[in-house]
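Chemist: this one's sequence-less:
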């Protein structure tokens, strides 16, 4: 089971400080970067929404790609 609080930050938002500014800007129409960030992210970004089904699918895909494949034993040359 995957539990989460809030949505992951958008890629290339600028780390924790950039994400904090991003959240301030998209929630405040008077913020100097509101227009820039709103255009970049679109109208459907809700930082409180969590898509646990998508997260579970992505984790399962990572697990599949990172899983070890059985090692093939090679015969010793004689």
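Modeler: That came through fine. Here the structure is a predicted model, which means the values were calculated and not measured.
Chemist: Compute the distance between residue 34 and residue 16, please.
Modeler: Note on residue 34: its distance to residue 16, by CB to CB, to the nearest Å, is 20 Å. To be clear about C-beta, it is placed using only N, CA and C from the backbone, and glycine gets the same treatment.
Chemist: what's the answer for residue 7, then?
Modeler: 14 Å.
Chemist: Of these two, give the one with the bigger neighbour count.
Modeler: Taking other CB atoms under 10 Å, residue 7 and residue 16 do not tie; residue 7 has more neighbours (13 against 9).
Chemist: Help me confirm that the more buried one comes into contact with residue 49.
Modeler: Yes. Contact status for residue 7 versus residue 49: in contact at 5.6 Å, counting by CB atoms under 8 Å.
Chemist: what ranges do the helices span in this structure?
Modeler: For the chain, the helices defined by DSSP state H cover 15-27, 34-41, 52-66.
Chemist: Point out the other helices and strands that the longest one packs with.
Modeler: Put plainly, it is helix 52-66. Packing contacts for helix 52-66, counted by 3 or more CB pairs under 8 Å, 6 or more residues apart in numbering; DSSP states H and E, involve no helix or strand.
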